Structure formats: C-alpha cells, structure tokens
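Chemist: Just the structure for this:
(one chain, ligands or ions: 1)
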Amino acid sequence: MEQLLEQIRKQAGEALDSCADLKELDELRIKYLGKKGELTAILKQMGGLSPEERPVMGQRANEVRAYIEEKIKSRMDELGKKALEMRLAQETIDITIPGRRQQMGGLHPLSIVTEDMISIFQSMGFDVVDGPEIETDYYNFEALNLPKDHPARDMQDTFYIAENILLRSQTSAAQVRVMETRKPPIRIICPGRVFRSDEVDATHSPVFHQMEGLVVDRGITMCDLKGVLEQFAHEVYGPETQVRFRPSFFPFTEPSVEVDVSCSACGGTGCKVCKGAGWIEILGAGMVHPNVLRCCGIDPEVYSGFAFGIGLDRITTTRYKISDIRLLFENDVRFLEQFQ
Ligand code: DAH
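Modeler: The predicted model follows:
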C-alpha cells in the first residue's frame, strides 16, 4: 500500500505540473481526491490492514492528500493568473484604429419650421396646446359656426369615420376645446396634422400641417391681429418682406382676412415659386365670431379675440424653395439629408 500511495503522489504531482488550464485541473482534482477518486479508493482498503499498520498508512495517506491539495491550490493560482493575463491581452483596445463614424440624423424640414414658429409665438407669450386628430363634427365644424347644412363645409373635403366622427380638417377644432376649458386671457397656438380628401399633386396632399392661433381677452382688436401676424411674417421671411391683408371669408371669424407675403424668391416681381403673382398666401385669420365665443361660454359683449390658421407645408416649401410638397412626405434620405 505504501508503494501505491507513493505512486499516486508521484503521478498526481506530474499530472498537476503539466496540466494546462483550470478545467483540466478540476478534472485531476476529481480523479485523485473525488469520492470515486484514486486516493479514496485506497483509503477504503484500510480496513484490511493490521491494527499496527493502519495508523501508519492513515498518516501516510493524509500526507499524500495534503500534498495533492497543496499542489492543486498553487497550480490554481498560477493557472488563474495565466488565464487573466490571456484575457487582458485579448481585450486590449487598439486606440490607433480609426473609429466608425456615427450617422447623425437631422430634423425634418417641417419640424425645423414648426419649431422655429413655435419659438416665435412663444416669445410673444403664446402657450402651445395639442388637440386630437380624430375629432367630432361638433368641434371641427358646428361649434365653429358651421352648422350641418352650411355651404362653407364644401370648402373642406372631409374624411368621415362615422356619422359624427372625422379626421380633423383644420386645427381650428382645437380653438373650441381651449375656450371650453380656459378662461380669458387666452393666448395659444396649436400645431398639428390635418386631413382632407384632396388629390395628391405638387401643392396638395391629403395630410398636411397647420398651426392654429387664438387670442381672447378684453379689448382685442384687428390691430392686435395685424401686429402679431406682421411681426410673425417678418421673423419668418425677414424684415424687408411685405405683408398684405386681403378681405376673405371664414364662418368662424368676422371680419376675415387672408394674409400674403411678398415672394422671397423673386422679391415680388413674379416667378415660378409664386406662380407669377409676386405674393404668397400663408394664412387665414380674423376676429373670432361672436357665435363661436358664445358657444364656448365666453360673453362676446365682454371679450373679443382673433384667430389664425397657418399652412406649415407652404411656409416650409417657400422657405426652402422646395418645388413639390410630395418631397416632404416621401422620406427620400437624399432629400432629407440636405437639412441637417
Ligand atoms: N381653418 C382655416 C383653414 O383651414 C384657416 C383659418 C382661417 C383658421 C381663419 C383660423 C381663422 O383660425 O381665424 O382654411
């Protein structure tokens, strides 16, 4: 037995010295010290020894075991260090390799224009509000002084979802919601998408964008309307731009106007952008009709207001000299990249 123990010690020592990694080391540990290992197998034979031999062999076996355990521990340290070194070597970062350039996204031209316009109106004290794109007939038409049989409904070819539910054809719908929930003084803008059943061409799309504005307070007059909108036009198109107010008709305002700016492409002499007119129409506006105020619970004897609706797509196409509104919706990256 003594010989056997010595043989195991020697074999184990050699095997441990030459083992290459932690996995192999663990296999050796099981092979020699495990429950079914070689040393354990020998210890099981101790019962067959004489009482004198037993303690001697027992001590010997313990020595061999201690030797193997010690050896495993020191090899474990060594191999662990080696493994760590290898990992560190593999993971080193070569900071001289040229980096991969991140593609930066940019804002859509419509978003740039919308954000600019929001900040112009915010600097004049307007709040930004949001309204639903799916609206009721009441908010989109009726409360805006457009009863069911009103001929002016034909001005907007509307998408109906159900009898009284529609895709809003104008952001004006938000005006009523604001007047129902806020008390004057009111000063809001509402940018958003609107929908009309229009054929697609260079200047029309069934989805387009508007920014509604509404001011209600005591003593608001047409002068306030002109001042605010002229200021706005000068900020967007530059101080040399001329602004003209033309009489018009909207059921929810009285009087009503349409506002044109002198064409920034030709300076007013007439070109392709303004279709030879020298002027570009950018918005509709007017003094809020007393019927609309009354409908929202605001006394028209005490309060007055003005409202306006700006076509954001038109502002964007004229500002960037974009010849076709469809470019705004096709999401061609070659087009969009130009605005970064
Ligand atoms: N909602 C109108 C349209 O889509 C634009 C408009 C005109 C809005 C006059 C207004 C307004 O608030 O006062 O054609």
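
Chemist: near the ligand, which residues of the stretch 151-300 of the chain?
Modeler: For the stretch 151-300 of the chain, the residues in contact with the ligand (Cβ under 6 Å from any ligand atom) are Q170, S172, E212, F250, T253, G284, A285, G286. Just so you know, the C-beta spots here come from the backbone N, C-alpha and C atoms, and that holds for glycine as well.

Chemist: Ranking by neighbours, what's the top pick from these?
Modeler: Highest neighbour count within these, by other Cβ atoms under 10 Å: S172, with 29 neighbours.

Chemist: what comes up buried for the lowest-mean-pLDDT helix or strand in the chain?
Modeler: For the chain, counting by mean pLDDT, DSSP states H and E, helix 38-44 ranks last in confidence among helices and strands (a mean of 82). Neighbour counts over helix 38-44 (16 or more other Cβ atoms under 10 Å) mark E38, L39, I42, L43 as buried.

Chemist: And for stretch 267-274?
Modeler: Under the neighbour-count criterion of 16+ other Cβ under 10 Å, stretch 267-274 has G268, V273, C274 buried.

Chemist: Repeat that for stretch 315-324.
Modeler: Within stretch 315-324, the residues scored as buried using 16+ other Cβ under 10 Å are I315, T316, T317, T318, I322.

Chemist: With respect to D260, which of those is nearest?
Modeler: T318 (11.3 Å; Cβ to Cβ).

Chemist: quick one, what contacts that closest one?
Modeler: Each residue near T318 by Cβ atoms under 8 Å, 6 or more residues apart in numbering is listed here: C263, S264, A265, V273, I280, I282.

Chemist: quick one: what helix or strand has the fifth one in it?
Modeler: By that I understand I280. I280 is part of strand 279-288, with elements assigned from DSSP states H and E.

Chemist: Show the contacting residues for the closest residue to H204 other than its chain neighbours.
Modeler: Nearest residue to H204, sequence neighbours excluded (Cβ to Cβ, 6 or more residues apart in numbering): D198, at 4.4 Å. Residues in contact with D198 (Cβ under 8 Å, 6+ apart) are D157, H204, S205, P206.
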